[in-house]
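Peer 1: Have a look; sequence and predicted model below, questions after that.
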Amino acid sequence: MVRLGAVKRTFRERGEAQGIMRLRAAFFRRVHTPMPTRSKSSHRWLKEHFSDPYVKKAKAEGLRSRAAYKLEELVERDRLLKPGMVVVDLGAAPGGWSQWVRQELGDRGRVIALDILAMPPLAGVEFLHGDFREDDVLSQLEAMLGGQPVDLVLSDMAPNMSGVDSVDLPRAMYLSELAMDFADKHLRVGGNFLIKLFQGVGFDEYVKELRRRYDKVVIRKPAASRKRSPEVYALAQGRRAAMK
Ligand SMILES: C[S@@+](CC[C@H](N)C(=O)[O-])C[C@H]1O[C@@H](n2cnc3c(N)ncnc32)[C@H](O)[C@@H]1O
């Protein structure tokens with residue numbers, strides 16, 4: 001069962017009827033695009049990927065993805081990770097962020113990772129394989145937490161991109177809304193939330209919502225994030241006891 005409640009509610013509150021229509025269209029229309037034969041652009045992507053310094057560095061350092069360097073830059077600047085913390089990593093596969101967080105926490109604390117895709121095990125990382133949009137997956141994640149408050153919620157979730165903004169952006173925003181809801185329920189007061197966002201429809205409203213909930217919100221584009229990617233990261237620090 002797909003969780004639409006949270007998103008419908010916030011869009012309604014903001015009087016964005018069009019947002020609801022776009023969400024409906026995006027989530028209930030399954031877009032099955034046949035795999036194209038390898039195109040010029042995929043050749044370009046492969047060339048770019050293998051000459052990318054972060055890909056080379058990740059390989060040399062035994063990290064599962066170049067994405068780990070984005071997290072390193074985002075989190076180290078504010079020294080957000082401390083031994084003993086409970087960290088939830090949403091959209092964790094192939095595991096670069098979880099792996100890096102585990103290294104930083106040493107052998108204390110918990111790292112709970114979730115992804116719709118399977119992920120080979122990582123020592124010291126508890127992994128839940130499932131779709132975060134589904135109620136029973138959320139319940140399983142909550143059962144894993146067992147009522148333990150979370151210190152840091154990370155979300156690098158991104159839907160499969162079709163290249164059509166009117167489809168992709170509402171899908172991405174839906175995941176972001178669910179992640180915010182999760183942080184609302186499970187982050188301890190004073191805790192931090194880091195989330196990947198795509199600039200476009202709903203972005204400003206989302207950041208405004210973060211500002212109601214957290215003492216400090218900054219938008220960052222780490223050096224390892226590809227320039228042509230519309231992704232940015234919102235780092236929300238200091239979960240308030242009550243919303244503004
Ligand atoms: C950019 S990747 C994450 C990379 C990861 N941070 C790392 O360091 O390796 C985005 C992830 O979001 C996941 N994702 C997308 N939709 C999801 C959903 N509905 N539930 C759970 N994970 C999802 C994708 O499967 C993908 O692995």
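Peer 2: Perfect, thanks for sending it.
Peer 1: Which parts of this structure are strands?
Peer 2: Ranges of strands within the chain are 86-90, 110-115, 125-129, 150-155, 187-198, 214-220, 231-239, based on DSSP state E.
Peer 1: Any idea which of those gets closest to the ligand?
Peer 2: strand 110-115 (4.5 Å; C-beta to the nearest ligand atom). No exception for glycine: its C-beta is placed from N, CA and C like everyone else's.
Peer 1: now the closest one, how far from the chain's geometric center?
Peer 2: Averaged C-alpha coordinates place strand 110-115 at 12 Å from its chain's average position (C-alpha atoms, centre = their mean, to the nearest Å).
Peer 1: hmm, back to that, Glu61: which of the strands of the chain is closest?
Peer 2: Between Glu61 and the strands of the chain, the tightest spacing by C-beta to C-beta is seen for strand 125-129, at 17.3 Å.
Peer 1: on that earlier part again, dump the strands of the chain into a markdown table; add mean pLDDT as well.
Peer 2: Below are the strands of the chain laid out as a markdown table (pLDDT from 0 to 100):
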| stretch | mean pLDDT |
| --- | --- |
| strand 86-90 | 98 |
| strand 110-115 | 98 |
| strand 125-129 | 98 |
| strand 150-155 | 98 |
| strand 187-198 | 98 |
| strand 214-220 | 98 |
| strand 231-239 | 98 |
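Peer 1: can you list the ones you listed in a markdown table and add distance to the ligand and mean neighbour count?
Peer 2: Compiled in a markdown table, the strands of the chain are given as follows (distance: least, C-beta to the nearest ligand atom, whole Å; neighbours: other C-beta atoms under 10 Å):
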| stretch | distance to the ligand | mean neighbour count |
| --- | --- | --- |
| strand 86-90 | 7 | 25 |
| strand 110-115 | 4 | 23 |
| strand 125-129 | 9 | 18 |
| strand 150-155 | 8 | 25 |
| strand 187-198 | 7 | 21 |
| strand 214-220 | 15 | 15 |
| strand 231-239 | 9 | 19 |
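Peer 1: Would you reformat those strands as TSV and include distance to Met180?
Peer 2: What follows is the strands of the chain, written out as TSV (distance: least, C-beta to C-beta, whole Å):
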stretch	distance to Met180
strand 86-90	11
strand 110-115	15
strand 125-129	19
strand 150-155	9
strand 187-198	7
strand 214-220	10
strand 231-239	9
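Peer 1: how about the residues of this protein near the ligand?
Peer 2: Contact residues of the chain with respect to the ligand, defined by C-beta under 6 Å from any ligand atom, are listed as 64-65, 67-68, 91-97, 114-117, 131-133, 156-159, 175.
Peer 1: let's see 5 Å
Peer 2: 65, 67, 91, 93-94, 96-97, 115-117, 131-133, 156-158 (C-beta under 5 Å from any ligand atom).
Peer 1: In helices, which of the residues you listed appear?
Peer 2: Where the residues of the chain next to the ligand overlap with helices, as defined by DSSP state H, the overlap consists of Ala67, Gly96, Trp97.
Peer 1: is it true that Met144 touches Val125?
Peer 2: No - applying C-beta atoms under 8 Å, one finds Met144 not in contact with Val125, separated by 11.7 Å.
Peer 1: okay, and the common contacts of the two?
Peer 2: Common neighbours of Met144 and Val125 are listed as Ile112 (criterion: C-beta atoms under 8 Å, 6 or more residues apart in numbering).
Peer 1: what sits against the closest residue in space to Ser65 that isn't next to it in sequence?
Peer 2: Spatial nearest neighbour of Ser65, chain neighbours left out: Gly96 (3.2 Å); criterion: C-beta to C-beta, 6 or more residues apart in numbering. Applying C-beta under 8 Å, 6+ apart, we find Gly96 in contact with Ala58, Leu63, Arg64, Ser65, Arg66, Ala67, Ala68, Leu71.
Peer 1: Which one (most neighbours) among those?
Peer 2: Most neighbours among the contacts of Gly96, by other C-beta atoms under 10 Å: Leu71, with 26 neighbours.
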